[in-house]
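Novice: Dropping a prediction and its sequence here:
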Amino acid sequence: MVSPKHRSGSKRKVFVKTPGGKTTTHYRKRKPSSAKCGSCGAVLKGVPRELPSKMKNLPKTAKRPQRPFGGVLCTKCMRSKFKTVARAK
Amino acid sequence: MFEIGRLCMKLAGRDAGKKCVVVDVLDDNYVLIDGQTRRKKCNLKHLEPLNIVLKLDKNASNKVVIDALKEENIDCLEKKEKEKKAVTTRPKKQKVVKNKGPKTKKADKKSKAKYSKTAKSTTVDKPATDAKKPEVKKVEAKKPEVEKVEVKKPEVEKIEAKKPEVEKVEAKK
């Protein structure tokens, strides 16, 4: 039986071959899901899927694209937003 | 629609949401822009034209564009002109080439044999006369010949030893 501390859906099993020839299971944390656009829900590009403890140590430019609404809106939604702003004036 | 002096808003890239002026028309699809954005060529698909048209000459410099935009109450960052550095060439280092002489395989073997045998032999004074050196070379030339003859004999003995073993295996079958 699996030990009580490992009985969780938030852990994934990894099968590891030992030098002695046996295969044992190791338990690892799951990565969070990928970031989505705030308006249309499409998967965003340029945002890595990492645990918060690792995202903290990444440099600012590695976490989101360098453009307005980078990491928040997809490119389609951003362009349509600026079009409405330009046409309103 | 995109004539020289037309005010536009850029839609894509790092400069998205900023206002710019068309400075030059390059192609059916490309245009030179300047203003709040960087001075570069841009695709017409990434620009949204506005109602205002300014009076500008073709290929107007950055300062002229910024002064024209100030009248429309659009603030821009002033860009510094880069000073062109004079191209200076460092003097090349001249390589010092040591004259070793022509390289041959025989010369290398003799030099290696010298170092191995002088270590075992008694101490030889460094300022040796020319009469001593040729004597040392003659002794070394003889010894490798002797070694080659000795190597052949053990090979013959090994082949003879293998044959009786093969006969025994056949008898067991």
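Specialist: That came through fine. Just so it is clear, the model here is predicted, and its values are computed rather than measured.

Novice: what number of residues lie near residue B:67?
Specialist: Residues within reach of residue B:67, counting by other CB atoms under 10 Å in any protein chain shown, total 11. (Glycine included, C-beta is placed from N, CA and C.)

Novice: same deal with the one 3 residues further on?
Specialist: Counted with other CB under 10 Å, the neighbours of residue B:70 add up to 11.

Novice: Are the one helix or strand it maps to and chain A in contact anywhere?
Specialist: Per DSSP states H and E, residue B:70 falls inside helix B:62-71. No - Helix B:62-71 lies out of reach of chain A by CB under 8 Å from any CB of the partner chain, never closer than 15.3 Å.

Novice: Please identify the buried residues of that helix?
Specialist: In terms of neighbour count (16 or more other CB atoms under 10 Å in any protein chain shown), helix B:62-71 has its buried residues at B:62, B:65-66, B:68-69.

Novice: what about dumping the CA coordinates of stretch A:31-47 to CSV?
Specialist: Output of stretch A:31-47 as CSV, limited to C-alpha atoms (Å, rounded to 0.1, in the frame of the first residue of the first chain):
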residue,chain,number,x,y,z
LYS,A,31,3.5,21.8,-12.0
PRO,A,32,0.8,24.4,-12.1
SER,A,33,-1.3,24.8,-15.2
SER,A,34,-0.4,27.3,-18.0
ALA,A,35,-1.5,30.9,-17.8
LYS,A,36,-4.6,31.9,-19.8
CYS,A,37,-5.7,35.2,-21.5
GLY,A,38,-7.8,37.4,-19.3
SER,A,39,-10.5,38.1,-21.9
CYS,A,40,-10.6,35.1,-24.3
GLY,A,41,-9.1,32.3,-22.3
ALA,A,42,-6.4,31.3,-24.8
VAL,A,43,-3.1,29.8,-23.5
LEU,A,44,-0.6,32.6,-23.2
LYS,A,45,2.9,32.3,-24.7
GLY,A,46,6.1,33.5,-23.0
VAL,A,47,4.9,32.6,-19.5
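
Novice: what about that stretch and chain B, any contact?
Specialist: No - using CB under 8 Å from any CB, stretch A:31-47 never reaches chain B; the gap is at least 12.9 Å.

Novice: Give me every residue in chain B lying close to chain A.
Specialist: Along chain B, the residues adjacent to chain A under the rule CB under 8 Å from any CB are B:9, B:11-14, B:16-17, B:48, B:50.

Novice: tell me the two of the residues you listed that are most distant?
Specialist: Farthest pair in the residues of chain B next to chain A (CB to CB) is B:14 and B:50. Separation: 20.3 Å.

Novice: any idea of the pLDDT on the nearest residue to residue A:76 once chain neighbours are set aside?
Specialist: Nearest residue to residue A:76 in three dimensions, chain neighbours excluded: residue A:40, at 7.1 Å (CB to CB, 6 or more residues apart in numbering or on different chains). Residue A:40 carries a pLDDT score of 95 in this model.

Novice: Might one say that residue A:40 is in contact with residue A:77?
Specialist: Yes - using CB atoms under 8 Å, residue A:40 is in contact with residue A:77, at 5.6 Å.

Novice: All good on my end, thank you.
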